[in-house]
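>>> Pasting the sequence and the predicted coordinates here, then a few questions.
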Amino acid sequence: MAVLSGLFARTPHSAVFRISAFAVLLLALASYYLAELAAVRPAYNMGYLTMAQYSLMAIAMLAAWKSAPEAISFKDISWLLAVAVLARILLIDAGSYASNDVDRYLFDGRIAVEGLDPYRVSHDAPQLQELRAQWQPPSEHAKYVTLYPPLALGLFSLAASVGLEHALLAWKLIILSASLATLFIAAKVLEYAGKLQHLSLIAFSPLLILEANIGLHIDAISTLSVAAALYLWQRQRVVLTGVVIGLGTAIKVVPIMLLLPLIFTMPNIKAAAKLVVSALITIATIYLVTLGLGLHPVGSIGVFFEKWRFAAPLFVALDQVFNGYQILITMLIFAAALSLAIALFLWKERVKLSDKSQLILAAQIAVAIPLLISPVIFPWYLMPLLPLLALAPNRYLILWTLLMPLTYEVLNGFLSERLWQPAVWPVWLVGLVQLAAAVAVMRYFYRQWISHKAISRDIHAQ
């Protein structure tokens, strides 16, 4: 642990910082070369090359964070922001080589534009034959209807509505806008908290740069909703915070977990109720409008839990013992128990939440819960955690974000031979980090309990 503490300790150094930032920019631009290489068949080493790109960018990001000068205002980080913006904008013309999710997004959106229900009409439906020939969605997705929430589908439809020729560019611009907005809003969040020195963890994150602007994942917008909710919460805009959390949940489920820690920061029950109710009304309104449009927003979520497995250590472990809905029930019980533990801790410690450190730790755990119980964890799933990570950096969350891109090893066989055969070793590494984090959290709670007992004894002794 002493080695880890030294690894993540900060020592400001201007030259190292600038060199590291420049390295991040160059490694981001290497995406053009990788995209061209991925188009060549067979692309046997794309998994290793992608892993190397992410790992080197992560090292450069950590070096920039460790060496970043102390900062108080935006003026102090203007150069950092300029490089971070360039790293995102310059990727606008790069191809997507590590994932084909964007093709799924756009075809789902086009199905909706055509007046059909993507939640009930799969890509291999006979009536889509002509459309499928034009848009060429991924064949491995063909038999599954969509599972994305309604607002995500709405954004897919918006991009697809401009037609085949311009749909991809439209989606790139949507994601780029979300990526840039996340950068600047997160900077404002960190400035408000007096933690601008941690902005490198957002500005130079390979997940936030590559998974957004190369992978083009919807999670970039989910991440924006988390950053925006934190911004509004800091400024005590309770109803708007709830609305933004609701909007984020209608894109992907993770942001709703912010409600769990944030309700304990409200000054009274009325304010807490406003936060929760505004989020729920926003979600309900979006789903009611979706139903009113004749869509049935359930889709293949059941198949997701039943059949899909990837890089989820807890799910993989339980898969050896349980099957089918037994795993799902076990996971739900685990999620409920962990959520209850967080709630009880925050309730007990609510008087001490003024420094926000305990709150942010609880928020990190809460937002991670849907990922921990998911049967599938791709690297981009971790993106919404990063605004919280920058507010309170901790070694375990940093290691999780560093190790997840190692799962791109699966691209070696998939791009060359269309074989989806992920290796086990990345899952073991991620699992060990999660186990170490669980032990650290339990030790923390145990120390808190011992401390409370000691204080109680002292009070009674008096």
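That came through fine.

>>> Please enumerate the helices of the stretch 351-462 of the chain.
Using DSSP state H, counting those that start in this stretch, the helices of the stretch 351-462 of the chain run over 357-372, 386-391, 395-403, 411-417, 425-461.

>>> Those helices into a markdown table, with extra columns for distance to residue 290 and mean neighbour count?
To be clear about C-beta, it is placed using only N, CA and C from the backbone, and glycine gets the same treatment. Below are the helices of the stretch 351-462 of the chain laid out as a markdown table (distance: least, C-beta to C-beta, whole Å; neighbours: other C-beta atoms under 10 Å):
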| stretch | distance to residue 290 | mean neighbour count |
| --- | --- | --- |
| helix 357-372 | 21 | 21 |
| helix 386-391 | 27 | 24 |
| helix 395-403 | 33 | 20 |
| helix 411-417 | 33 | 19 |
| helix 425-461 | 34 | 13 |
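
>>> Looking at these, spot the one closest to residue 173.
helix 386-391 (21.9 Å; C-beta to C-beta).

>>> Give me the residues contacting that closest one.
182, 186, 189-190, 193, 195, 198-199, 201-202, 205, 207-208, 223, 226-227, 230, 356, 360, 363-364, 367, 397-398, 401 (C-beta atoms under 8 Å, 6 or more residues apart in numbering).

>>> quick one: low-confidence ranges for this structure?
1-10, 12, 41-42, 44, 300, 324, 350-355, 452-462 (pLDDT under 70).

>>> Spatially central residue in it, please.
Centroid-nearest residue in the chain, with C-alpha atoms, centre = their mean: residue 383, separated by 2.5 Å.

>>> and the closest residue to residue 241 other than its chain neighbours, how many neighbours?
Once flanking residues are discounted, residue 241 sits nearest to residue 232: 4.3 Å by C-beta to C-beta, 6 or more residues apart in numbering. Neighbour count of residue 232, defined by other C-beta atoms under 10 Å: 20.

>>> Which helix or strand contains residue 232?
helix 219-234 (DSSP states H and E).

>>> ok, now residue 71?
Counting by DSSP H and E, residue 71 is found in no helix or strand.

>>> Within its local environment, how many residues does it see?
21.

>>> Next one: it from residue 304, what distance?
42 Å (C-beta to C-beta, to the nearest Å).

>>> ok, now residue 438?
If you go by C-beta to C-beta, the gap between residue 438 and residue 304 works out to 25 Å.

>>> try residue 237
For residue 237, the distance to residue 304 - C-beta to C-beta - is 34 Å.

>>> and if you look at residue 163?
30 Å.

>>> Those two: who's more crowded?
The residue with more neighbours, out of residue 163 and residue 304, is residue 304; 14 against 11, by other C-beta under 10 Å.

>>> If we ignore the residues flanking it in sequence, what's nearest that one?
Residue 304's closest residue in space is residue 147 (C-beta to C-beta, 6+ apart), at 5.7 Å.

>>> Pretty sure that neighbour sits against residue 299.
Yes: in terms of C-beta atoms under 8 Å, residue 147 counts as a neighbour of residue 299; the distance is 4.2 Å.

>>> Which one's more surrounded, those two?
residue 299 (22 against 19).

>>> That one should be in a strand, yeah?
No: with DSSP: H, G, I helix; E, B strand; the rest coil as the criterion, residue 299 is coil rather than part of a strand.

>>> how close does it get to residue 143?
Applying C-beta to C-beta to residue 299 and residue 143 gives a distance of 13 Å.

>>> go on, residue 191?
Taking C-beta to C-beta, one finds residue 191 at 48 Å from residue 143.

>>> which of these two has more neighbours?
residue 191 (18 against 12).

>>> Could you look up the SS state of that one?
helix.

>>> Wait, it touches residue 73, no?
Yes: Residue 191 is within contact range of residue 73, at 6.9 Å (criterion: C-beta under 8 Å).

>>> Quick one: classify residue 345 as helix, strand or coil.
Classified using three-state DSSP, residue 345 is helix.

>>> Can you name the residues that contact it?
Taking C-beta under 8 Å, 6+ apart, one finds 358, 362, 445, 448 in contact with residue 345.

>>> Need the residues you listed in CSV (columns: distance to residue 420).
What follows is the contacts of residue 345, written out as CSV (distance: C-beta to C-beta, whole Å):
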residue, distance to residue 420
358, 41
362, 36
445, 39
448, 44
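
>>> The residue nearest to residue 190 when sequence neighbours are not counted: what's it in contact with?
Nearest residue to residue 190 in three dimensions, chain neighbours excluded: residue 196, at 5.0 Å (C-beta to C-beta, 6+ apart). Taking C-beta under 8 Å, 6+ apart, we find residue 196 in contact with 71-73, 76-77, 187, 190.

>>> Write the ChimeraX selection for whichever of those are buried.
Buried subset of those, written as a ChimeraX selection, criterion 16 or more other C-beta atoms under 10 Å:
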select :71,76,77,187,190
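
>>> and which of the contacts of residue 196 is nearest residue 125?
Distances from residue 125 to the contacts of residue 196, taken by C-beta to C-beta, are shortest for residue 187, at 45.2 Å.

>>> Relative to residue 254, how far out is the nearest residue to that closest one once chain neighbours are set aside?
Distances taken as C-beta to C-beta, 6+ apart put residue 199 closest to residue 187, at 5.6 Å, once the chain neighbours are dropped. Residue 199 sits 22 Å away from residue 254, going by C-beta to C-beta.
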